[in-house]
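Participant: with the input below, show me the fold.
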Amino acid sequence: MNLWARKSGLILLSALTLFSCEEELSTVGLPPENDLGIFFVDVPLGDKVSQVWVDNVNSRSTGTVLVGSYTDPYFGNIEARNFSEVNLPKNNPGEDVDGSAVFDSLVLVTRIRGIYGNQVAAGTQRIEIYQLTDTIPLVDATYTTASSQETGQLLSASEFMLHPDSLGLKWEDTGRKLETKEDTLYKARYFDSNNEYIYRSNFKIDEAYASEFFNLLKAKAKEFSSSKDFAAHLKGISFAPTTGNSAIITYGGADTRLVLYYTETDGSGNKSQETISFPLNTIRSYNQITPNAKSGWNGSDLDDITTFYEPYTIGTDLAYLQNGTNLLLRLDMSGFNEFSDTVENAIVQKAELVFENLKGISKTTPPPSTMVYYMTSLDSLANKNYRVGTLINNNRSPLVIGYDKDNKKFSNDITISLQNLLKEDTFNQLIMAPVTINTSNGSISANGSGVNRFVVSKNDIRIRFYYTVPNLNN
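Facilitator: Numbering: from 1, shown residues only. Have a look, this model is predicted:
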């Protein structure tokens, strides 16, 4: 709901060519006394900034598998793990397996889609795969970043180094040409249809468990007769980090699957390796991210934050925001209606909300890719509602916060929103939050799909705007 879009009596903005006539901050609120009647105001918001930690943010069906841990210089110890079920590709897949088939291996195949951490190259990552002790129910169940699942047998463990340069690597960047059969086969094996490198990270499943898995399938056992029976047998899997890791890894949910390899022999003695894939169930899948409601901040600038939905002012000159842990940034805009009281009939001609000089930004620690400004009130926030409405853009759609990568800043045109804010007495608390926008219907949702964060000096958060005061006597 765009609260301000519903307000009546919006002041229409004139199509005005803007000239810079700067007004000292100490004179904000005084009537204009210049020839043009156009004023520029640059307002630092440092004393209006605080943090809000929220819980109950959905982490199910994000399409991502997050796993790993690292120590952030600002946010301390960050950890992620995933719990997912696995789908049966069809009922009784063993019917397609020849009697001559012999087991080769069972491998959990994944594709790395993201790497997050400030010291990724510092060490080896170790990820473990466990079998769940129960399935993941959906009826009357809510999964947040604090949810967890009991695990049982260790199925696999893998140690590996991470190479961030492999992410997004294009075929044309390799310098190779399709001049030989080997080149063609290499490209087909390691690059996708978009000519992007498929960055794999695979886990070989425990030999004894995998062999039994194959024997049951080949015997057309009840455990593989239906999706329900298969879920009751396998339960699901968990991706878990160990100590000493230096990154949070994002695996694509749709890229992840159990692959059974086996060899068949025909009547002429010819052998062929066959496979059956069991895709990850991306609906019955959720990420747990720490810190959360059950495990607080540790080793960070934020260790004193222990309550949810209560604005908290950090004892540093910095402001913080992070996806996944659900640490949001609050701007108290209640003082702007005082400007409206002192400058009667002011019309905002152009307004911009800016976050400059972001700290700690790198290739492996980018800020959240998509954010919005939610509107709320102090009473609503106390009732755990930080999403009463959203700031709107000049097309009256939800304002999506844009990141200027070259200048390491966020900058947004908030002209219409600020004009409304000057008249707003209640819903004048802005909550800056990472979100996911559904490309098919435009819906906005918060979820635990990553741990991207940003840090900025409070004094580098500013509102800059031009305004005019019409002469109502003319």
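Participant: which pLDDT does the model give the spatially closest residue to Asp98 that is not a sequence neighbour?
Facilitator: Nearest non-adjacent residue to Asp98, counting by CB to CB, 6 or more residues apart in numbering: Glu264, 4.5 Å away. Glycine gets a C-beta too; all of them are placed from N, C-alpha and C. Note for Glu264: predicted pLDDT of 97.
Participant: is Gln153 located within a strand, as I assumed?
Facilitator: Yes: applying DSSP: H, G, I helix; E, B strand; the rest coil, one finds Gln153 inside a strand.
Participant: tell me the SS of Tyr467?
Facilitator: When the rule is three-state DSSP, Tyr467 gets the label strand.
Participant: from Leu422, how far out is it?
Facilitator: 9 Å (CB to CB, to the nearest Å).
Participant: overlap of the contact sets of those two?
Facilitator: Counting by CB atoms under 8 Å, 6 or more residues apart in numbering, the shared contacts of Tyr467 and Leu422 are Ala346, Val348.
Participant: tell me the contacts of the residue nearest to Asp98?
Facilitator: Val97, Asp98, Ser100, Ala101, Lys271, Ser272, Glu274.
Participant: check which helix or strand covers it.
Facilitator: strand 257-265 (DSSP states H and E).
Participant: may I see the buried residues of that strand?
Facilitator: Arg257, Leu258, Val259, Leu260, Tyr262 (16 or more other CB atoms under 10 Å).
Participant: try stretch 239-259
Facilitator: Buried-residue list, stretch 239-259, by 16+ other CB under 10 Å: 239-241, 245-253, 255-259.
Participant: using PDB, write out every CA atom in it.
Facilitator: Provided in PDB are the C-alpha atoms of stretch 239-259 (Å, rounded to 0.1, in the frame of the first residue of the first chain):
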ATOM      1  CA  PHE A 239      24.100 -27.600   4.400                       C
ATOM      2  CA  ALA A 240      26.200 -26.700   7.400                       C
ATOM      3  CA  PRO A 241      29.400 -24.700   7.900                       C
ATOM      4  CA  THR A 242      32.300 -25.500  10.200                       C
ATOM      5  CA  THR A 243      34.600 -23.200  12.100                       C
ATOM      6  CA  GLY A 244      37.300 -21.400  10.300                       C
ATOM      7  CA  ASN A 245      35.300 -20.500   7.100                       C
ATOM      8  CA  SER A 246      35.700 -17.100   5.600                       C
ATOM      9  CA  ALA A 247      32.700 -16.600   3.400                       C
ATOM     10  CA  ILE A 248      28.900 -17.100   3.000                       C
ATOM     11  CA  ILE A 249      28.300 -19.200  -0.200                       C
ATOM     12  CA  THR A 250      25.100 -18.900  -2.300                       C
ATOM     13  CA  TYR A 251      24.200 -22.000  -4.200                       C
ATOM     14  CA  GLY A 252      21.400 -21.700  -6.800                       C
ATOM     15  CA  GLY A 253      18.400 -23.800  -5.500                       C
ATOM     16  CA  ALA A 254      17.400 -24.700  -9.100                       C
ATOM     17  CA  ASP A 255      21.000 -25.800  -9.800                       C
ATOM     18  CA  THR A 256      21.200 -28.100  -6.800                       C
ATOM     19  CA  ARG A 257      20.500 -31.800  -7.100                       C
ATOM     20  CA  LEU A 258      21.500 -35.300  -6.000                       C
ATOM     21  CA  VAL A 259      22.900 -37.200  -9.000                       C
END
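Participant: how distant is it from the center of its chain?
Facilitator: Distance of stretch 239-259 from the chain centroid (CA atoms, centre = their mean, to the nearest Å) equals 15 Å.
Participant: now that stretch: average pLDDT?
Facilitator: For stretch 239-259, the per-residue pLDDT averages 96.
Participant: just the buried residues of the contacts of Glu264.
Facilitator: Val97, Ala101.
Participant: next step: the buried residues of stretch 239-259 restricted to strands.
Facilitator: Judged by DSSP state E, these include Phe239, Ala240, Pro241, Ala247, Ile248, Ile249, Thr250, Tyr251, Gly252, Arg257, Leu258, Val259 as members of strands.
Participant: picking up where we left off before, just the ones of the contacts of Glu264 in strands?
Facilitator: Lys271, Ser272, Glu274.
Participant: so the first one touches Thr265, yeah?
Facilitator: Yes: using CB atoms under 8 Å as the test, Lys271 is close enough to Thr265 to be in contact (5.2 Å).
Participant: what number of residues lie near Gly296?
Facilitator: 16 (other CB atoms under 10 Å).
Participant: equivalent analysis for Glu159, please.
Facilitator: Quick note: Glu159 (other CB under 10 Å) scores 10 neighbours.
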